[in-house]
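In: sequence first, predicted model second:
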Amino acid sequence: MARANASATASFRLSAEVTSNTTAGVQFYKNVSDQVLASGRVQIPGTGGLSGVVFPAVNHVTLPAVTLGEFAEERVAIHDRLFLTAALRHDDNSSFGHRFGGANYPKLSGSWVISEEPFFPHPSWLGALRLRAAWGKSGRAPGPLDAHVFSTPTAVALNGTDVGGITVGSVGNDSLKPERTREIETGFDADFLSGRLHFEATYYDKNSRDALVLVPIAPDVGVNATRIDNLGEVTNKGVEFLLTAQVLDRPDVSWSLTASAWGNRNRVISTGPGNTPIIFGLGGSSQRHQANYPAGGYWGTSYTFKDANRDGLINPLTEITFDTVDTFQGSSVPTRGATLSTEVTLLKHFQLYGLLDGRWGNKLDNATESFRCGFAICQAMRVKSSSLADQAAAGATFFFGDETGYYQDAGFVKLRELSLTYLGPPQWASHIGASSLSFTVTGRNLATWTKYRGVDPELNDIGQFNFSVADFLTQPPVRYFTGRVNVTF
Amino acid sequence: MKHTAMLLVLVAVGLTLAQAGCNDPLTVKLPDIIPPAALSDSAALATLRAGAIGDFDLAYTGDHPDGSGGNGEGVILYGGLLADEFVNSETFPTRIQVDSRNITYAAGSTTNSDVDLWYRLMHRARRSAEATAARYRAIAPADPGYPEMLTLAGYTYIFFAETFCSGTAVSQIDSTGKITYGQPRTTTELLDTAIARFDSAIHIATVRDSADPVSQAALINFASVGKARALLFQGSGQYAAAAAVAATVPTDFVYQLQHTTTTDRENNGVFNAGATDGRYSISDSTPDDTFPGREGINGFPFLSVPDPRTPLLLDPVGSFDGATPLWDNLRYGGRASPITVATGVEARLIEAEAALAAGQTATFFTQLNNPRANPGQRAYFNPNPVDLSNPNTAAIPALAPLTGADTVSAGGAVNLLFAERARWLWLTAHRLGDLRRLVRPIANGGYGRADAAVWPTGTYFKGGPYGTDENIPLPVTEQNNPNFRGCLDRNP
């Protein structure tokens, strides 16, 4: 990695009420990932290294990325109550497509501590009130190889020997652009009751154009399965709230609460020219980017079922009726959430902390269960008393490859953490020359309340990569306990 | 303000120097990839040709089955799995669906991820061969590599037609990455395209490659066998035309794909699928409840009726699932064993079939007996490698001539013909097409037999009944081609 920054700032007091900070500079970043993987097959007895293998193989990957950015920023403070910022940044990157020159990112923001203005009334219950608003654009560069068309070398057996050949490496994208996001954000921060209560509210409206997403390529093109492409337009609008409260603050007892809540509405506005849905996900078709729906939502063929002969069993071939088209089945990511944490300190030595975390509004593809049903070893296919709905889901996936019955409500509330800390007396610490000493026992992932029927509603087999979300033979977050001793010197 | 102005001037000068001092700082070296410019001249044609052959070999032979490393299976494996050359000896439900003829299918496509992989590999082989042919046409149109690439491309169209349902689309991508999506093609249209590729190859080889008669003949024979095969699959109305093309091909002609042990990709994937990975066993290896030793009642008796053309070995290591007996083929007895794509024997069999359809019994037997009587001309089918401790790896000897009595014992001349094809063309991606032709209605150029009399049927040995698939549906990921309409039909 190489990094060079050069910037200069000039500060002036333009008048008694107005100060100015002007900054300009240039930034140069160069990251080179250089990876060599060596392996071998058939080890000669007595050897233990790669030099002892009969068939060695080596793979070398070099991924350089260079960013050259230039920026200028002007900040003005008026009466130290109103702060205005204007900035412009220009970035060019080695990963952009050859047809793309560079990107400009302007920014405007303002912050006003209105409660300090002379005209503002000063009720006793209100400590401070700050209004804020911002508008800006930002970007994200593609990966080092995403824009490049290239082949990769391969050995081919010809004429009795190994000769050099090539196979498709990447189809690239000569027009690849950075992902650009325009965001408007506004809100306020307020302190009440002498600072014992603090509240923040924010509304944001993000509009991302040319989002960088991994787009599947139809097999009949005859190249890679995917490539990075610019997705037309995606919006995210939402609100965020934060409340902190010092409920009790007495010499032997203190109690604080922190609560937050958020909601987000994500929509694909356009997938690009033609507005063709982009279909991907586990199994190849469980998720889509489709205009007017959430990005990466679950899609599938809905069905109805009826135990027509009343034998308590669903015959998949005669008692399930499928829709004729795929429809939206639910968001693959939560659309709202909330946390609640609290900390209680007793007798100056004991601290109890707890954190509840909840997220709702999404589904999760329980592909682990549908996979079992693919082997006909799931409960719904083996236990006669299974519900008709479960039998229908199993039959739909086993006979028709329809996983819709396994898109399950993944809302949850989790007790993320519970901890108890004992703050040792100062003399304990002083015995070992320390300034403080504490002992903490913590339990994490202690409880989950959810309707999800798999192991855990937060599972994802490929780790939130490129919108793909599925519970597929993945280890869940485990419950664990830790004991910790903190010593400060 | 004066200071600000000075500061901005200084920064501007600094930026200018920074830009000027670097020789395009955004230019990076990518030493591990091959850009298109490096493959644009005639010196690169040999590399392109090797690459196309490598991609074709992967789509035809595979290197390792999905789940065992490598890149995946070829059409020999999955076509043979759906037909009766292999049974599944492992645990993947995707392959069990294929073996039991129960491939998930809804709204015209399948979510079977292995089907997606197989289909993708074949299209990659098609594109690679066609793109390389285009480079030959532009740079070296007289090079023998040009008709060879056209012929390889033609074979990929045959495999789409014989293996998958009607509806395969063919899309194109240009050098900038722009995709032009193709329309679905019917099975007949795919075969027409294959024949057009073969005709072009024959024409180009005939006109432009006369400097090397041996190479020229081999190229013409390669394309001719492909054309005859495509005509044969079009149905009985084309048998005479197929025979006329096949008649030009000598019995000792062979186009083989070579393999080595150097890299997995160069391995013989049919060998690996059995002996190395234990996921594919030669069928007839597992008894069912109707006829011990046959897959789904009708499976071909590769085990129960031994034949030197289809040598087998019960693998002492056992199969992947630990339950299914693993029968390894010995025709490809090692990672480096070559595999035939087109042979003169196939030409004789096509002539025999046309003669049978025309009522020319003497010619029928003459063509069937030609390879039986001439071991030296079809040595390419001998087991490889030879293991002196195992007599099953001995060269295929001269075989007794077939007579009318054999027709009777086989239950008819058609049975005898298809049994000969099953033996000679074993594990060369022919059997699935043969089973389809047997059940295709007579009015459509087939033999009009009932599915239950030809295909594996009854109870599948891993549970449940056999399904009704006679071809492989298209993968659901084809929905990313906006012209995709699913299988246009599932006809045999």
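Out: Here it is on my side, so go on. In this text, all values refer to a predicted model and were calculated from it rather than measured experimentally.
In: distance of residue B:233 from residue B:436?
Out: Here residue B:233 is placed at a distance of 8 Å from residue B:436 (Cβ to Cβ, to the nearest Å). For the C-beta atoms, the positions are set from N, CA and C on the backbone; glycine is no exception.
In: which neighbours do these two share?
Out: By Cβ atoms under 8 Å, 6 or more residues apart in numbering or on different chains, residue B:233 and residue B:436 have these common neighbours: residue B:162.
In: got the residues of the stretch 201-350 of chain B near chain A?
Out: Residues of the stretch 201-350 of chain B that fall close to chain A, judged by Cβ under 8 Å from any Cβ of the partner chain: B:257-263, B:265-266, B:336.
In: may I ask which of those has the most neighbours?
Out: residue B:259 (27 neighbours; other Cβ atoms under 10 Å in any protein chain shown).
In: thinking again about what came up before, is it possible to export the residues of the stretch 201-350 of chain B next to chain A to JSON lines including distance to residue B:391?
Out: JSON lines is the format used below for those (distance: Cβ to Cβ, whole Å):
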{"residue": "B:257", "distance to residue B:391": "27"}
{"residue": "B:258", "distance to residue B:391": "26"}
{"residue": "B:259", "distance to residue B:391": "24"}
{"residue": "B:260", "distance to residue B:391": "27"}
{"residue": "B:261", "distance to residue B:391": "25"}
{"residue": "B:262", "distance to residue B:391": "30"}
{"residue": "B:263", "distance to residue B:391": "32"}
{"residue": "B:265", "distance to residue B:391": "33"}
{"residue": "B:266", "distance to residue B:391": "29"}
{"residue": "B:336", "distance to residue B:391": "22"}
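In: so which of the residues you listed belong to strands?
Out: residue B:257 (DSSP state E).
In: now do the contacts for residue B:165.
Out: So residue B:165 contacts B:471-474, B:487-491 (Cβ under 8 Å, 6+ apart).
In: burial count for the residue nearest to it when sequence neighbours are not counted?
Out: Closest residue in space to residue B:165, ignoring its immediate chain neighbours: residue B:487 at 3.8 Å, by Cβ to Cβ, 6 or more residues apart in numbering or on different chains. If you count neighbours by other Cβ under 10 Å, residue B:487 ends up with 21.
In: now residue A:319
Out: Using other Cβ under 10 Å, the number of residues around residue A:319 comes to 19.
In: equivalent analysis for residue B:28, please.
Out: Residue B:28: 16 neighbours (other Cβ under 10 Å).
In: just say helix, strand or coil for it.
Out: Put simply, residue B:28 is coil when judged by DSSP: H, G, I helix; E, B strand; the rest coil.
In: go ahead and confirm it touches residue A:63.
Out: No. Residue B:28 lies out of contact with residue A:63 (Cβ atoms under 8 Å); the separation is 9.1 Å.
In: in the stretch 1-150 of chain A, which spans are strands?
Out: In the stretch 1-150 of chain A, the strands defined using DSSP state E, counting those that start in this stretch lie at A:2-13, A:18-43, A:53-78, A:82-93, A:103-112, A:126-140, A:150-158.
In: buried deepest among these, which one?
Out: Per-stretch averages of neighbours, counted by mean count of other Cβ atoms under 10 Å in any protein chain shown, single out strand A:150-158 among the strands of the stretch 1-150 of chain A, with a mean of 21.
In: for residue B:87, give its distance to chain A.
Out: According to Cβ to the nearest Cβ, to the nearest Å, residue B:87 and chain A sit 17 Å apart.
In: chain A versus the residue nearest to residue B:165, what's the distance?
Out: 14 Å.
In: for the closest residue to residue B:174 other than its chain neighbours, name its beta-bridge partners.
Out: With sequence-adjacent residues excluded and distances taken as Cβ to Cβ, 6+ apart, residue B:174 is closest to residue B:180, at 7.6 Å. On the basis of DSSP bridges, residue B:180 is bridged to residue B:172.
In: for the longest helix along chain B, what is the average pLDDT?
Out: Using DSSP state H, we find that the single longest helix of chain B is helix B:113-139. Per-residue pLDDT values across helix B:113-139 average out to 96.
In: does that helix reach chain A?
Out: Yes. Interface with chain A: helix B:113-139 contributes B:113, B:116, B:119-120, B:123-128 (Cβ under 8 Å from any Cβ).
In: quick one: which of the residues you listed is nearest to chain A?
Out: residue B:127 (2.9 Å; Cβ to the nearest Cβ).
In: before we move on, back to that, find the residues that touch each one of residue B:28 and residue A:63.
Out: Shared contacts of residue B:28 and residue A:63, counting by Cβ under 8 Å, 6+ apart, come down to residue A:144.
In: ok, residue B:68 - contacts?
Out: By Cβ under 8 Å, 6+ apart, residue B:68 lies in contact with B:272, B:276-277, B:279.
In: close to chain B: what parts of the stretch 1-150 of chain A are there?
Out: Within the stretch 1-150 of chain A, the positions adjacent to chain B are A:6-8, A:10, A:12, A:20, A:22, A:24-26, A:28, A:55, A:57, A:60-62, A:64-66, A:68, A:70, A:72, A:92-94, A:144-145, A:148-150 by Cβ under 8 Å from any Cβ.
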